[in-house]
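> I would like to see how this sequence folds:
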Amino acid sequence: MIKEKREELILGLLCEQSVVSLKEIAGVCDDVSSVTLRRDLVRLEEEGKLTRTRGGAKRLKAEQKGADAPIVEGASPGDFDALILPPVKGAWAHTLRQQAIRKGALLVAESAPQLGGVYLGPRNFAEAKKLGVHAAREIRAAGDRAEVLLVALEGLQNTRERLNGFREGFVEEFGGGANFRTVNGRGLLKEVMRQVSDVFDAHAEINVVFGVNDHTILATLELAKRHDLSVSGYSVGGEGGNLFSELASGGSLRAVLALFPEVVGSVAIDSICTVFDGGSIGEEIVTPAQVITADNLDSFYRHEDGVWQIVPDVRQSLEAPFSYKGPGIEGRTIGFMLHYPSHEWYRGLAAAMRRRAAELGATLVTRNAEDEVAEEIRAIKRQIAAAAADLIRPGEALLLDGGECSLYFAEAIKEIGRDLKIYTNSLSVLECLADARNLTVYLTGGEYRASTRSLVGPSVGSLLSTIRVDHAVISPDGLSAGFGLSFDDERSALVCGRFCAAARKVLVLADHSVVGLEGSVQAARLTGEHTVITDVGTLSAHRLELSTTGSSVVVADEGGEMSDPEEIGTEQRVGN
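Numbering: from 1, shown residues only. As a prediction, this is how the structure comes out:
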């Protein structure tokens, strides 16, 4: 296996998971020695594409990407006037969209439509259909049968549209007799290789393969060679040099629908600047796509100094319809969330965005989507905790569990400085409140659980059977109207149930990433004794469902003063 293909497979693994072992790398790079793979990791680290670990490698964070996508020093999470959001995991996308809405920032949805965002990308179905037509003509002209393997990624709308478009175009042009088989790689390189290998073992007649992106098609073509199959490959993407090298070689890769990340990145910045300057960009920004083959590749890209670069005249021509001609926009900040910082597509986008933003005087903030979501959720949890703390009266007795939101509640209570009696099974809460004046703190018994630094299990109940508190403060793993409060750990669920039984009222601290989920173990059902404190990111339908249980639903970051739990009426219970 040549160096470029090994590099593509290694970086592909790092797109899926933050850390990979040498054993996992060897699993996708068959017949390559561990010595060679270690040398690959050394070279890739020197090129700034990963960080080596003992026995493997780890993905770079966005702020480590150097010239490709530098993070702005001192920039705070969410500190932007516009957000460019690529397809990310469902719950993550919702959190980031809510962040943009709350800050009044322009939301640009790159590659796939997102609720409340301006779509930026190609017409995936229509353009992929053109590729399907092109592929069918080539196969029919060669007089070949059509045994087609479609390697899909069902989890994203844009990749589903690519696959469906390619298939429809192929069928319309080829006519009858085309047989299709589909595998869903789920965006995981190891899963793609496992499933495709199984298909090739069972169906040696396959002669056409289609992949929804660069990594997918390159892995599929590599497996075809291992199985000694002659196939014609087609793909959407054109995001990295390895794909163009494969195309230029005249081998199995016959054509690619290029989406031009260098152009898309620049168009994104120009479009946002148009809005900043008071202009309109409508509801979608349709970016260019082009079927590229070995015959016309040099009309679009040139291989210079070992790197594939878009032809300058081509880039300028493709960017021209979107070009911003207004004044500079100094002082404006644009955020770009990177889902897979090692992925060639995002590297190319970020580099183009940085170049164009610098030309126009804007500041580009690139962040790892996972890190941004985690920090945003922490900020929301602190708001929920502070709102819950405002509901506590002096002199009350409380039970606090070991959830993260409960720890933030403890910090808020400590700052308020009211006279309270606190019982907790959390060592973190105990440490937080250890030096707090006006607070009396008791630690329950129980079995120590290192992952949450809390005491769990049946022995927690020995203290709870002798006390009665005003409020139990609970941070569940899941909360739903049908299943109530739930946890992924049976011992934690048992503690929650006993906390609720020992309290007159229960404050449930649940941000939008928790509401609607159901953990594996039920702790308690929702009743009129529960007050759920959540955030505006929780869907209205979920809030309404929760209110039907008789519990009160309060939105912490919706504005206005918080009400006492005893005074919450029907209107507030539906979360409006």
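> how is the protein partitioned into domains?
For the chain, the structural domains run 3-58, 62-122+261-288+310-368, 124-258, 390-573, going by automatic domain parsing.
> out of those, flag the one nearest Arg302.
domain 62-122+261-288+310-368 (6.0 Å; C-beta to C-beta). (Each C-beta comes from the backbone N, C-alpha and C, glycine too.)
> avg pLDDT for that closest one?
In this model, domain 62-122+261-288+310-368 has a mean pLDDT of 83.
> so how far is that domain off the chain centroid?
Distance of domain 62-122+261-288+310-368 from the chain centroid (C-alpha atoms, centre = their mean, to the nearest Å) equals 16 Å.
> what does stretch 110-128 give?
17 Å.
> same question, stretch 208-218
Worked out by C-alpha atoms, centre = their mean, stretch 208-218 lies 22 Å from the chain centre.
> just the C-alphas of that stretch, formatted as PDB.
Once non-C-alpha atoms are left out, stretch 208-218 reads as follows in PDB (Å, rounded to 0.1, in the frame of the first residue of the first chain):
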ATOM      1  CA  VAL A 208     -19.200  -0.200 -10.200                       C
ATOM      2  CA  VAL A 209     -18.700   1.400  -6.800                       C
ATOM      3  CA  PHE A 210     -19.900   4.800  -5.500                       C
ATOM      4  CA  GLY A 211     -18.800   6.500  -2.300                       C
ATOM      5  CA  VAL A 212     -20.400   9.600  -0.700                       C
ATOM      6  CA  ASN A 213     -17.000  11.200   0.100                       C
ATOM      7  CA  ASP A 214     -13.300  10.900  -0.400                       C
ATOM      8  CA  HIS A 215     -12.500   8.600   2.500                       C
ATOM      9  CA  THR A 216     -15.300   6.200   1.600                       C
ATOM     10  CA  ILE A 217     -14.300   5.700  -2.100                       C
ATOM     11  CA  LEU A 218     -10.600   5.400  -1.400                       C
END
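> let me see the mean pLDDT of that stretch.
On average, stretch 208-218 scores 91.
> cool, and stretch 20-32?
Throughout stretch 20-32, pLDDT has a mean value of 78.
> would TSV of the domains of the chain with distance to Lys381 and mean neighbour count be doable?
Formatted as TSV, the domains of the chain follow (distance: least, C-beta to C-beta, whole Å; neighbours: other C-beta atoms under 10 Å):
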stretch	distance to Lys381	mean neighbour count
domain 3-58	23	17
domain 62-122+261-288+310-368	12	19
domain 124-258	27	20
domain 390-573	5	19
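> could those domains go into TSV alongside distance to Leu297?
Shown next, in TSV, are the domains of the chain (distance: least, C-beta to C-beta, whole Å):
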stretch	distance to Leu297
domain 3-58	16
domain 62-122+261-288+310-368	10
domain 124-258	6
domain 390-573	44
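> any idea how far the most far-flung residue of the chain relative to its centre is from Tyr442?
The outermost residue of the chain relative to its centre, with distances by C-alpha atoms, centre = their mean, is Thr466 at 45.9 Å. With distances taken as C-beta to C-beta, to the nearest Å, Thr466 is found 11 Å from Tyr442.
> which of the three states applies to the residue farthest from the centre of the chain?
Here Thr466 is recorded as coil under DSSP: H, G, I helix; E, B strand; the rest coil.
> may I have the phi/psi pair for it?
Dihedral pair for Thr466: phi -110, psi 0, per degrees, to the nearest 10.
> pull up the gap between it and Thr444, please.
Relative to Thr444, and taking C-beta to C-beta, Thr466 is found at 11 Å.
> repeat for Gln195
49 Å.
> over to Lys23?
Lys23 sits 42 Å away from Thr444, going by C-beta to C-beta.
> do Ser475 as well
16 Å.
> packing partners of the helix or strand where Ala136 lies?
Secondary structure from DSSP states H and E places Ala136 in helix 124-141. Packing partners of helix 124-141 (3 or more C-beta pairs under 8 Å, 6 or more residues apart in numbering; DSSP states H and E): strand 146-152, helix 157-174, strand 208-211, strand 232-237, strand 253-258, strand 290-293.
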